[in-house]
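# Quick one, fold the following:
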Amino acid sequence: MRTRNPDFLFIFSTLLTTATSLVIYDSPLAEACTSFTRTLDWGCSDNAGHMNVNIWSCQCASIEWLGTVTNCIKKYGNSTHEITHGYEHIMKRCKAKANLTYTLSDMLAFKKNATYYIEPYSEEDTTNVLQHPVSIPTTNFIYYYRSYFDFAEAIRLSQRLGWGSVGYWLGVVGIAAIWHWLEIFYKLPPSYQKFITRYLLLPHDKLLSMNTWEWIVCFFFCIEVLLSCIINYDTPLGAYLATQYYKMIDLVSFRTDLIGFSVMPVVYLMGTRNNPFVLFGGYKRSQMIKYHKIVAWVLFTMAIIHSCIWTRYPIVEGGGYSTWVQDSYFQWGIVGSVCLGVLLLQAFKLFRDIMYQVFLVLHQLLAILFIVAMWLHCNTLGWMGWVYSLVAIMALDRVCRVMRILQNGLVNEAQVECHNKTVLKLTFHKPKFFIFFTGCHVYLHFLNPWYTCYQSHPFSVVKSINYDGKLEIYIRVKKGMTKRIACTNGTTKVLIDGPYGTISRHQSDESDSKFDKIIGIGGGAGITSILAIMNQIPEGTKSRYYVLWLTNCQSDIECLAGPLAGLAKKKNAFIEVYDTSKEEDESQVTNEKSAFSSDSNSRHGISEKECSLINFHRQGRPDLSKHIQSITKESSKVKIYTCGSSKFVRSVDVIAEGLMDTGKFVEYHNENGEW
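Numbers count the residues shown, from 1 in each chain. Just a heads-up that it's a prediction; the model follows:
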């Protein structure tokens with residue numbers, strides 16, 4: 001089996017960029033020293049300014065203050081690393097708050113200079129403007145240090161809990177990967193497969209089309225986040241957390257925003273095409289998008305709690321909301337929260353169904369704007385590593401897309417065949433390095449007209465009837481792009497981004513050989529995914545293959561005449577097509593010749609004899625349950641593939657459940673990529 005290497009880039013990039021997340025309050029030593037100096041008079045204005053900006057601007061420019069702080073750090077630091085880290089903390093704070101740039105050499109010079117002029121602390125230093133550095137008493141330092149040490153520990157706990165949320169999803173993917181790779185390299189006992197399929201993998205009706213396993217995963221993730229948000233707020237009061245009220249809002253705020261920050265890369269990673277979770281865990285993209293939405297809602301909840309806290313506090317006790325909102329970081333925090341809300345609202349299926357193109361463009365733009373907002377919100381606060389990881393994920397996903405397009409020869413020419421302006425058939429030569437596998441799909445960028453090239457849409461890929469080095473894609477004509485292409489004559493230029501998908505044992509010839517019947521059930525345009533799988537029937541197989549297609553569009557039938565006839569010629573393959581556009585008496589069955597027009601036959605190069613191999617029915621929608629039961633009556637092992645609308649697939653889910661309940665071993669595969 002071949003893998004697609006670009007996906008591996010995400011693992012290293014994400015791990016590396018999140019390594020420097022904790023910046024602010026990471027040095028209790030430096031914070032203890034600076035906080036005590038706030039009780040002294042350095043000749044600064046009484047107006048501290050929001051977030052003490054005025055104080056920092058004044059103190060960072062004072063040689064006496066710098067000497068006091070650097071001496072304190074040197075005096076009470078327990079190691080060279082801790083002392084150096086304390087100096088670096090002061091350097092960062094002066095740069096961020098006062099826009100003054102100092103180097104480590106400067107810090108050492110301030111310390112050395114202070115030794116010549118430093119004096120012991122006295123009570124008068126709180127009221128008289130200091131003209132010399134001050135030696136901070138041990139008792140006072142310990143009080144402040146303990147306060148900031150306890151606070152830093154609370155922050156580190158929040159960070160670890162955030163990493164726990166990331167670890168949860170790594171665990172989920174790990175479990176899925178074990179199952180996925182065991183399926184490929186080791187034949188699991190049928191009893192295990194039957195149990196997992198029946199009770200974990202079949203979707204539930206009216207439950208967001210999620211199966212039991214997906215519900216378990218999402219439920220326990222929400223529980224994990226909830227527990228992470230409510231445990232361990234026993235940090236003692238001190239110099240920083242002076243009141244119980246401020247302690248609680250500050251710690252809850254940090255807890256929720258750090259958990260939210262931690263899952264940001266998970267949200268973005270799940271939404272990308274080049275997703276390592278898909279590669280290693282064997283997940284389908286539609287499953288990843290379900291998880292993507294759930295984790296995004298959790299992220300939004302964390303952001304709202306954080307935002308509500310820092311909206312109420314300025315109004316009630318923080319000096320006024322108008323003061324806080326003047327700060328750039330505060331404004332960008334608002335922008336980020338609004339972006340998340342709009343992203344979630346416009347991702348509802350109703351909006352996507354009405355304006356899918358608008359959804360795609362808006363979703364991408366808002367995702368980028370959210371990164372910008374978080375960057376500008378946190379560049380003075382810390383935890384930028386999480387923001388860097390978002391940039392890396394989005395950038396590398398685009399790089400991988402470009403690499404795939406280049407690998408496929410950049411610009412490809414596709415032959416366009418339109419049937420009654422309702423169905424399009426695109427045929428193109430298989431690129432030299434294109435790795436075709438059963439069930440794969442590609443994203444096409446259409447270059448005619450050129451300004452639509454930023455759009456890309458996923459389509460299942462089918463080998464041509466004789467596999468003469470060509471691949472085919474069938475597209476339902478709707479609004480926008482497909483409608484414009486339907487008016488194209490001859491050829492169109494496309495960029496091919498792919499292939500995507502997962503390779504598993506169930507797609508192999510060896511897997512099919514253990515089943516008596518392999519049934520593919522397609523609804524409407526979903527038949528293309530079924531054909532892509534069924535076209536791989538091996539020579540000499542003893543298994544019987546059945547394709548059942550329900551469609552209400554005659555153009556679909558004519559368009560797929562070639563692939564259907566080619567499949568019907570294969571030994572042990574049985575094709576049934578049901579035209580559900582008219583509800584007629586069940587006894588009325590048209591002659592097979594009327595299923596396809598002579599013009600259609602000549603275009604596809606198929607004979608009337610080949611058409612006659614397809615059982616064509618026009619009595620309306622059949623009773624699929626009874627029909628499949630009759631097909632599988634004498635079979636003990638059955639494999640079922642299905643693809644179509646969500647409602648159609650759910651009806652097949654119920655049929656598969658019924659077969660399992662009769663004691664048959666059923667391997668069931670839902671190829672529907674709808675989310």
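
# ok, the residue nearest the centre of the chain - contacts?
Closest residue to the average C-alpha location of the chain: residue 270 at 1.8 Å, with CA atoms, centre = their mean. Residue 270 makes contact with 277, 288-289, 291-292, 295 under the criterion CB atoms under 8 Å, 6 or more residues apart in numbering. Heads up, the C-betas are built off the backbone N, CA and C, glycines and all.

# And it, which helix or strand is it part of?
Residue 270 belongs to helix 244-271 when assigned by DSSP states H and E.

# and that helix, which residues are buried?
Residues 247, 249-271 are the ones in helix 244-271 that count as buried (16 or more other CB atoms under 10 Å).

# what do you get for stretch 395-405?
Buried residues in stretch 395-405 (16+ other CB under 10 Å): 396-397, 400-401, 403-405.

# Residue 67: which of those is nearest?
Each of these was checked against residue 67 using CB to CB; the closest is residue 396, at 46.5 Å.

# what secondary structure does the closest one sit in?
Secondary structure assignment for residue 396 (DSSP: H, G, I helix; E, B strand; the rest coil): helix.

# Next: residue 673.
coil.

# quick one: buried residues of the host helix or strand of residue 364?
Residue 364 is located in helix 356-378, with elements delineated by DSSP H and E. For helix 356-378, the neighbour count (16+ other CB under 10 Å) marks 356, 359, 362-363, 366-367, 369-371, 373-378 as buried.

# Can you check what angle separates it from helix 244-271?
Angle of helix 356-378 versus helix 244-271, following axes from the mean of the first three to the mean of the last three CA atoms, to 10 degrees, is 140 degrees.

# what residues does stretch 535-543 touch?
Applying CB under 8 Å, 6+ apart, the contact partners of stretch 535-543 are 438, 462-463, 507, 509, 512-513, 515-518, 545, 563, 566-567, 570-573.

# Now with 10 Å, please.
Applying CB atoms under 10 Å, 6 or more residues apart in numbering, the external contacts of stretch 535-543 come out as 437-439, 462-465, 467, 507-510, 512-518, 545, 563, 566-567, 570-573, 635, 637, 639.

# go on, stretch 230-244?
25, 28, 31-32, 35-36, 38-39, 140, 143-155, 157-158, 161, 246-252, 255, 317.

# what ranges do the strands span in the stretch 151-300 of the chain?
For the stretch 151-300 of the chain, strands defined by DSSP state E, counting those that start in this stretch do not occur.

# now the helices: where do they sit in the stretch 451-600 of the chain?
For the stretch 451-600 of the chain, the helices defined by DSSP state H, counting those that start in this stretch occupy 481-486, 509-512, 527-534, 554-559, 561-568, 598-604.

# Any chance of those in CSV with mean pLDDT and mean neighbour count as columns?
Below are the helices of the stretch 451-600 of the chain laid out as CSV (pLDDT from 0 to 100; neighbours: other CB atoms under 10 Å):
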stretch, mean pLDDT, mean neighbour count
helix 481-486, 75, 17
helix 509-512, 63, 15
helix 527-534, 85, 26
helix 554-559, 80, 22
helix 561-568, 81, 23
helix 598-604, 50, 15
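
# Any chance of the ones you listed in CSV with distance to residue 311 as columns?
Below are the helices of the stretch 451-600 of the chain laid out as CSV (distance: least, CB to CB, whole Å):
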stretch, distance to residue 311
helix 481-486, 42
helix 509-512, 57
helix 527-534, 48
helix 554-559, 54
helix 561-568, 59
helix 598-604, 64
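
# So which of these is nearest residue 53?
Closest among those, using CB to CB: helix 481-486, at 51.0 Å.

# Please report how far the spatially most distant residue from the centre of the chain lies from residue 41.
When each C-alpha in the chain is compared with the mean C-alpha position (CA atoms, centre = their mean), residue 124 comes out farthest, at 59.3 Å. Separation of residue 124 from residue 41 (CB to CB, to the nearest Å): 9 Å.

# what's the overlap in contacts for the two?
In contact with both residue 124 and residue 41: residue 130, using CB under 10 Å, 6+ apart.

# Tell me which stretches of the stretch 151-300 of the chain form helices.
190-196, 212-230, 244-271, 276-281, 285-316.

# now the third one against helix 212-230, angle please.
Read it as helix 244-271. 150 degrees.

# May I ask you to confirm that residue 372 is in contact with residue 332?
Yes: under the criterion of CB atoms under 10 Å, residue 372 makes contact with residue 332 at 7.9 Å.

# tell me the contacts of residue 516?
Per CB under 10 Å, 6+ apart, neighbours of residue 516: 542-544, 632, 634-639, 664-665.

# Now for these: which two are most distant?
Going by CB to CB, the pair spanning those furthest: 542 and 664, at 17.9 Å.

# and these two? which has more neighbours close in?
A count of neighbours by other CB atoms under 10 Å puts residue 664 above the other of residue 542 and residue 664, at 18 against 10.

# quick one on the thing from earlier: just the buried members of the contacts of stretch 535-543?
By neighbour count, with 16+ other CB under 10 Å, those hold 437-439, 462-465, 507, 512, 515-518, 545, 563, 566-567, 570, 573, 635, 637, 639 as buried.

# Counting only strands, which of those residues make the cut?
462-463, 517-518, 545, 573, 637, 639 (DSSP state E).

# from memory residue 613 sits against residue 567, does it?
Yes: applying CB under 10 Å, one finds residue 613 in contact with residue 567, separated by 9.0 Å.

# Identify the contacts common to these two.
Joint contacts of residue 613 and residue 567 (CB under 10 Å, 6+ apart) are 573-575.

# Let me know the closest of those residues to residue 486.
The closest of the shared contacts of residue 613 and residue 567, once distances to residue 486 are taken by CB to CB, is residue 575, at 26.8 Å.

# Count residues in the vicinity of that closest one, would you?
Residue 575, neighbours per other CB under 10 Å, totals 22.

# Name whatever forms a beta bridge with it.
Note on residue 575: beta-bridge partners by DSSP bridges are residue 547, residue 614.

# tell me the contacts of it?
With CB under 10 Å, 6+ apart, residue 575 has these contacts: 520, 534, 545-549, 563-565, 567-569, 613-616.

# per-residue confidence for residue 66?
For residue 66, the pLDDT comes out at 96.

# What of residue 539?
70.

# how many other residues sit next to it?
Neighbours of residue 539 (other CB under 10 Å): 7.

# again, but for the one 5 residues further on
The number of residues packed near residue 544 is 16, by other CB under 10 Å.

# Residue 297 too?
Residue 297: 16 neighbours (other CB under 10 Å).

# How about it: what's its closest non-neighbour residue?
Nearest residue to residue 297 in three dimensions, chain neighbours excluded: residue 344, at 6.5 Å (CB to CB, 6 or more residues apart in numbering).

# Mind checking the pLDDT average for stretch 108-121?
With pLDDT averaged residue by residue, stretch 108-121 scores 94.

# Right, I'll call it a day here.
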